[in-house]
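In: fold the following for me, if possible:
(2 chains)
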Amino acid sequence: MTFGDLTRRAMWALHVRPGRAALSALGVAVGVGAVVGVLGVSSTIQGGLLAQLNTLGDVMSVTGGSGSGVAVLVPPRVLAMVQRIPTVQGVAGTRTLPGSVQRSQLISGQSGISIVAFEGNLSSATGTHIVAGRSISSAWDLPDALIGSEAANALGVTRRLLPMQVWAGTQSVTVVGILSATPVDTPGDLSLFVPAAYAHRALGFGYRLDTIYVRAPVAYSAEVSSLLLPTIDPSGSLGLQVQQDSSTLLASAEAATAFQGLFLGLAVVAVLVAAIGVMNTLLVAVVERRAEIGVRRAMGATRFEIAGMLIAEALMIAVAGSVVGLLFGFWVTIGGALHEGVPPVLPALVALLGVGVALAIACLASLYPALRAARLPPSEALRTIV
Amino acid sequence: MIGPVVELHDVSKSFGKGVPVAALSGVGITLLPGERVAVVGKSGSGKSTLLAIAGTLERPSSGSVMIQGQNLARMSDRAVSRLRAQHIGFVFQNFNLLQRLTAQENVTEALMYGRVPSPEREARGRALLEQFGLEARASHLPYQLSGGEQQRVAIARALANEPTLVIADEPTGDLDPESGAVVVEALLSAGANTAVLVATHNPDIAAQCDRQIRLVGGYLDPGSP
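Out: Now for the predicted structure:
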């Protein structure tokens, strides 16, 4: 019996009872689809977050040690020193000034929106960009300002209203640009950024920074982070500390796969259930086809050929189920990617592995029925009424 | 000189555990190439068991079986299967055709197990059906054929690999006399070197054979030639 003979006979046997074969294949499809879907969706979400992280780079901030309650101030010249660290993509320093921002001078009390003087390239250092209006340099000595996304929402500053006058404490300043939301949750979103030069002249900014933002590629962030404190405060007397703001994103990426193991376990259970279905189908087939097995043995079929016939049927079911399951898993993954607005990550290796496991399990599941069929004594099988 | 096709020496066969039931006791027969031998006897006399052992479907509990000069006891299941595929054809009382295959496919299935290359099977299957007047029935499924036609398909299948031994167990048992006569003619038309061992209750069929073996309660009747 050649491979072609075996394949044709397996297809013929499945064709005889298409409903039963289709249901068994459906079981395999659900199992494989679940495996591919679970891994595909979680990989897609994780891939999207990591891609975002890689695009933005890792944002680090250097501030005074917590607990003192007093801001530690450093001179702006450290920015140039930090900028010289290889692979650093952007550096900026800020200082939160007294007072808060209001839309009108007539409104009293705290709005919760800070007045922040900035030095250096703010957008580049915090991974933001101007979503409306224009940017300004920290050397700009006019009462112009950039506003964080949350602060813009709070004050009702929109693209249409730009340039728009607001009050920074007692000073009237003009908002000329709206910053995009920071990729991670930083205080900058709820701030009004005024250039250092103007802040120095009008708001009492003494060219001392309380926070330094540094952006570096994710791959080099650990190295840059370790160099920041020795660069800014070689003696270590200021008690500064470095915070990797992007750790939130990394945590999100890890969270995307946190339940992967659990769901994968459930999917594997589905594959096992499918395998039991295949085994059941074949066991019923052995009982129903005793006479056929007897006739084939009388015609000269070896035990191996009888067993091979049933294993081939199981493999056909597994192949059909796997193909449908793969398509289903990919469809779920693409749906998840569209929902999240990120490119789909189709885990080809995992998919192949899933199909391989399905085939192997189908093969194992068919062993017992196949051996039962093969061990059936021909004369006993022939006593079955056809 | 060509040796015997089958030799059974002092063959006994028992079934069941605990208190075994003896189906055959000390039977010895020899079939020469081309011989037509009828096995007669009452129901339960051991005819079918004798045929199953001669056809290698059963192994004896004791005694020896030589097929084509080879000792069955020393052959693996694989070797016996190969031997069956190429040298032994079976015809059963209830035809035992594969119900989902056409008449021609039933014949070509036997050719497949006989290791006949795929391209040859179609032509040989067609020729065999033609030989038994079934060319118009080649694409019919078994349930679309009469009992006589089904049995002729079964004979075509049994002769497909030009076996040296054909085992027929009550081949006309389910047929009317007219169809039975056609089937017997077809069966006995097997090649000149093909031995035919046929179990039957029909004295007319037995009379057409070269000799008769009578079984009585699992023993060979001493009067049998």
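
In: next, name the residue at the spatial heart of chain A.
Out: With distances taken as C-alpha atoms, centre = their mean, A:Q46 lies nearest the centre of chain A, 1.4 Å away.

In: and that one, which of the three is it?
Out: Put simply, A:Q46 is helix when judged by DSSP: H, G, I helix; E, B strand; the rest coil.

In: check the one 5 residues further on too.
Out: Look at A:A51: counting by three-state DSSP, its state is helix.

In: show me the contacts for it.
Out: By C-beta atoms under 8 Å, 6 or more residues apart in numbering or on different chains, the contact list for A:A51 reads A:342-343. Backbone N, C-alpha and C define where each C-beta goes, glycine included.

In: report pLDDT for it.
Out: We have a pLDDT of 73 for A:A51.

In: next one: A:H339
Out: pLDDT recorded at A:H339 is 85.

In: that one: helix or strand, and which one exactly?
Out: Using DSSP states H and E, the element containing A:H339 is helix A:303-340.

In: burial count for the residue in the stretch 151-300 of chain A positioned nearest to chain B?
Out: Relative to chain B, the nearest point of the stretch 151-300 of chain A is A:G300 (2.2 Å; C-beta to the nearest C-beta). By other C-beta atoms under 10 Å in any protein chain shown, the residues close to A:G300 number 26.

In: and it, what does it touch?
Out: With C-beta under 8 Å, 6+ apart, A:G300 has these contacts: B:81-86, B:88, B:110, B:113-114.

In: could you look up the SS state of the closest residue to it other than its chain neighbours?
Out: If the residues on either side of it in the chain are set aside, A:G300 comes closest to B:A85, at 2.2 Å by C-beta to C-beta, 6 or more residues apart in numbering or on different chains. Judged by three-state DSSP, the three-state class of B:A85 is helix.

In: I'd assumed B:V116 was in contact with B:A85.
Out: No. Under the criterion of C-beta atoms under 8 Å, B:A85 is not in contact with B:V116, lying 9.9 Å apart.

In: what's the burial count for residue 42?
Out: Looking at chain A here, since you left the chain open. Using other C-beta under 10 Å, A:S42 has 23 neighbouring residues.

In: hmm, I had chain B in mind actually
Out: With other C-beta under 10 Å as criterion, B:K42 counts 12.

In: circling back: helices or strands up against the helix holding A:H339?
Out: On a contact count with 3 or more C-beta pairs under 8 Å, 6 or more residues apart in numbering or on different chains; DSSP states H and E, helix A:303-340 meets helix A:3-16, helix A:18-56, helix A:260-288, helix A:290-299, helix A:348-375, helix B:77-87.

In: most tightly surrounded among these?
Out: Most buried of those, by mean neighbour count (mean count of other C-beta atoms under 10 Å in any protein chain shown): helix A:290-299, with a mean of 25.

In: can you list contacts of that one?
Out: Helix A:290-299 has contacts (C-beta under 8 Å, 6+ apart) with A:286, A:305-306, A:373, A:376, A:378-386, B:55, B:57, B:81, B:84-85, B:90, B:96-98, B:109-110, B:113, B:157.

In: beta-bridge partners for A:F193, please?
Out: A:V116, A:L146 (DSSP bridges).

In: circling back: and the helices and strands packed on helix A:303-340: which comes nearest A:L161?
Out: Closest approach to A:L161 among the helices and strands packed on helix A:303-340 (C-beta to C-beta): helix A:18-56, 28.0 Å.

In: I'd like the next helix or strand past the closest one.
Out: Using DSSP H and E, the helix or strand that follows helix A:18-56 in sequence is strand A:58-64.

In: angle of that next one against helix A:18-56?
Out: 50 degrees (axes from the mean of the first three to the mean of the last three C-alpha atoms, to 10 degrees).

In: strand partners of strand A:58-64, parallel vs antiparallel please.
Out: Using DSSP bridges, the strands paired with strand A:58-64 are strand A:211-216 (antiparallel), strand A:240-244 (antiparallel).

In: picking that back up, could I get the helices and strands packed on helix A:303-340 as CSV with distance to B:L50?
Out: Formatted as CSV, the helices and strands packed on helix A:303-340 follow (distance: least, C-beta to C-beta, whole Å):
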stretch, distance to B:L50
helix A:3-16, 32
helix A:18-56, 40
helix A:260-288, 29
helix A:290-299, 16
helix A:348-375, 24
helix B:77-87, 16
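
In: of all the ones you listed, which lies closest to B:E135?
Out: helix A:290-299 (22.1 Å).

In: and the pLDDT for B:I155?
Out: Confidence for B:I155, expressed as pLDDT, is 90.

In: same check, this time on B:G55
Out: For B:G55, pLDDT reads 92.

In: quick check: it touching B:T164?
Out: No. Between B:G55 and B:T164 there is no contact under C-beta under 8 Å: 11.9 Å.

In: who touches both of those two?
Out: Common contacts of B:G55 and B:T164, defined by C-beta under 8 Å, 6+ apart, comprise B:I88.

In: about what we covered before: and among the strands paired with strand A:58-64, the most buried is which?
Out: The most buried one of these (mean count of other C-beta under 10 Å) is strand A:211-216, showing a mean of 26.

In: tabulate the CA atom coordinates of that strand in CSV.
Out: C-alpha atoms of strand A:211-216 as CSV (Å, rounded to 0.1, in the frame of the first residue of the first chain):
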residue,chain,number,x,y,z
THR,A,211,13.6,68.0,37.2
ILE,A,212,15.7,66.9,34.2
TYR,A,213,14.0,64.8,31.5
VAL,A,214,16.2,62.6,29.4
ARG,A,215,15.2,60.4,26.5
ALA,A,216,17.2,57.5,25.1
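
In: in the next helix or strand after it, which residues are buried?
Out: Using DSSP H and E, the helix or strand that directly follows strand A:211-216 along the chain is helix A:221-232. Using 16 or more other C-beta atoms under 10 Å in any protein chain shown as the test for burial, helix A:221-232 gives A:221, A:224-225, A:227-229, A:231-232.

In: for the residue nearest to A:G300, give me its contacts.
Out: Counting by C-beta under 8 Å, 6+ apart, B:A85 touches A:299-301, B:110, B:113-115, B:161.

In: just to revisit the earlier point, residues of the helix holding A:H339 that come out buried?
Out: Across helix A:303-340, burial judged by 16+ other C-beta under 10 Å covers A:303, A:305-322, A:324-326, A:328-330, A:332-334, A:336-337, A:340.

In: can you tell me the closest non-neighbouring residue to the residue most central in space within chain B?
Out: Centroid-nearest residue in chain B: B:I167, 1.4 Å away (criterion: C-alpha atoms, centre = their mean). Among residues not flanking B:I167 along the chain, B:G55 sits closest, at 4.1 Å (C-beta to C-beta, 6+ apart).

In: backbone torsions only: list them for the one you found.
Out: phi -90, psi 10 (degrees, to the nearest 10).

In: pull the number of nearby residues for it.
Out: 23.

In: state the distance from it to B:H87.
Out: The spacing between B:G55 and B:H87, counted by C-beta to C-beta, to the nearest Å, is 10 Å.

In: now do the shared contacts for the two.
Out: B:L165.

In: with adjacent residues omitted, what lies nearest to A:I178?
Out: A:I178 sits nearest to A:A132 (C-beta to C-beta, 6+ apart), 4.4 Å away.

In: show me where the stretch 51-200 of chain A has helices.
Out: In the stretch 51-200 of chain A, the helices defined using DSSP state H, counting those that start in this stretch lie at A:77-83, A:122-126, A:149-155, A:196-202.

In: point out the most buried one among the ones you listed.
Out: Of these, helix A:122-126 is the most buried (mean count of other C-beta under 10 Å), at a mean of 23.
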